[in-house]
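Asker: okay, predicted coordinates and the sequence, questions at the end:
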Amino acid sequence: MISRSTVDTVDLQAVLAEYELGTIYSVTGAGGTAGRTWKVRTSTGDYFLRLRGLRTSSEARLLYDHGLREHLIARGVPTVSAVRTRTGERWVRTKGRVYELYPFVVGRQFRPESEGEIAEAARALAEFHRAAADYRPQVQEPVAQYTTLGFSDEVSDRLDDPRLQLVNMLKVREMASSKHERELVDRCIARVRALMRSYAGTKYDRLAGWVVHGDYTPANLLFSEEGEVVGIFDLDWAMPGTRCRDVADGLYFFASVPRRIDPSDIWSLTEAADLDLDRCTIFLEAYHEVAPLLRHEVDAIPYAFAGRWFSVRLEGMAKVDASERFRFFSRDIEKPLLWFDRNWPLLRDRTFRTS
């Protein structure tokens, strides 16, 4: 049965009625920070129901996402296609929201203490990039990052555009209540201005040409008990871009000092974790063995990391109470950036001696 205490009974019953599922035994909440998710047990099997975020629910984004899934499956990437409705659609749109139903994949979360799973996550990402590289859909649209903050409605044709980050970070500066806080934001703004010179325009265009996952975190992977990736999910933000961006994601979320991440808690998911030189080396070496990075891609990793990290904090601000937004953005914001400043030359030399 569907619990009234955790879900909108009428909405979910109406959504599930669009599918041939047999008898529905239970619908239980399964977490999520942007949308909401549920595990559905039925007489025809178990399923995973998800409510997509508003910014990734346009027709163009849906077509891109579901087309990419079919493309990846045909090339052996461990992901799944959405279950078709009675009328053959891959999603249900109701009351302005989009729901998708997927076969339930059995697996477990990433074990952060496992160096083998760091390498496995990196190899899976490399295989994803190789498989997705020739995906060329007809329909694309600009990226609506940061718009949920309400600071600006500007969009871009790429992820982590430093031009948009600058617009929004200037608004963050207005939230600072002390000289110390303003100086902190000013240092971040200086880094964004540097990205506008080094990670934009023709320099960025030279890196692009790939299809990126866009949110390559432990929350979107499943592992087998043997430590193999058995599922890569949540392609809401998959789009053309530079694979360095996903590599930066991988370093931050998989190669930091072991910590337990609560994928349903935005504070936990975005904490300033301690990066680890050896674990970062494991991730980069494993990725590079499967899909070698070119020299200019290697050189761009610190820029991609900074751009992604600022996006993590700017995007996440919209998911916390307004009174907590500045604290959310500023808490240890420079910690992973300063680590990269200190350690990137050594990490690069250890990992890419021949690049």
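Answerer: Nice, thanks for sending it over. Numbering: from 1, shown residues only.

Asker: how about low-confidence regions in the stretch 101-250 of the chain?
Answerer: 139 (pLDDT under 70).

Asker: show me where it has helices.
Answerer: Taking DSSP state H, counting those that start in this stretch, the helices of the stretch 101-250 of the chain run over residues 115-132, 162-175, 179-198, 201-207, 243-254.

Asker: and the next helix or strand after the last one, what's buried?
Answerer: Per DSSP states H and E, the first helix or strand lying C-terminal to helix 243-254 is helix 266-269. If you call a residue buried by 16 or more other CB atoms under 10 Å, then helix 266-269 has these buried ones: I266, L269. In short, each C-beta sits where N, CA and C put it, glycine included.

Asker: helices or strands up against whichever helix or strand comes after helix 266-269?
Answerer: Per DSSP H and E, helix 266-269 leads on to helix 277-290 as the next helix or strand towards the C-terminus. Judged by 3 or more CB pairs under 8 Å, 6 or more residues apart in numbering; DSSP states H and E, the packing partners of helix 277-290 are helix 115-132, helix 243-254, helix 335-351.

Asker: which of the ones you listed sits most buried?
Answerer: helix 243-254 (a mean of 26; mean count of other CB atoms under 10 Å).

Asker: state the phi and psi torsions of T94.
Answerer: phi -150, psi 140 (degrees, to the nearest 10).

Asker: could I get the contacting residues of it?
Answerer: T94 sits next to D11, A14, V15 when contact means CB atoms under 8 Å, 6 or more residues apart in numbering.

Asker: could you give the bridge partners of it?
Answerer: Taking DSSP bridges as the rule, T94 bridges to R97.

Asker: any idea how far D11 is from it?
Answerer: Remark: distance between T94 and D11 (CB to CB, to the nearest Å) = 7 Å.

Asker: then E225?
Answerer: 35 Å.

Asker: neighbour count: those two, which is higher?
Answerer: D11 (15 against 9; other CB atoms under 10 Å).

Asker: tell me if I am right that that one is in a helix.
Answerer: Yes. The assignment for D11, made by DSSP: H, G, I helix; E, B strand; the rest coil, places it in a helix.

Asker: report pLDDT for it.
Answerer: pLDDT recorded at D11 is 84.

Asker: quick one: contacts for it?
Answerer: D11 touches T94, K95, counting by CB under 8 Å, 6+ apart.

Asker: pretty sure I301 is touching V247, no?
Answerer: Yes. When contacts are counted by CB atoms under 8 Å, I301 is listed as touching V247 (6.1 Å).

Asker: now tell me what touches stretch 338-355 from outside.
Answerer: So stretch 338-355 is contacted by 274-275, 277, 280-281, 284-285, 288, 292-295, 298, 301-302, 305-306 (CB under 8 Å, 6+ apart).

Asker: my error: substitute stretch 315-323 in the last question.
Answerer: Counting by CB under 8 Å, 6+ apart, 33-34, 145-146, 148-150, 172, 266-267, 269-270, 325, 328-329 sit against stretch 315-323.

Asker: please export the C-alpha coordinates of that stretch as CSV.
Answerer: Extracted as CSV, the C-alpha positions of stretch 315-323 are listed here (Å, rounded to 0.1, in the frame of the first residue of the first chain):
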residue,chain,number,x,y,z
GLU,A,315,23.6,24.7,-6.8
GLY,A,316,23.3,23.3,-3.3
MET,A,317,22.5,26.7,-1.8
ALA,A,318,19.0,26.5,-3.4
LYS,A,319,18.3,23.3,-1.4
VAL,A,320,18.7,24.8,2.1
ASP,A,321,16.8,27.4,4.0
ALA,A,322,17.5,31.0,2.9
SER,A,323,18.9,31.8,6.4
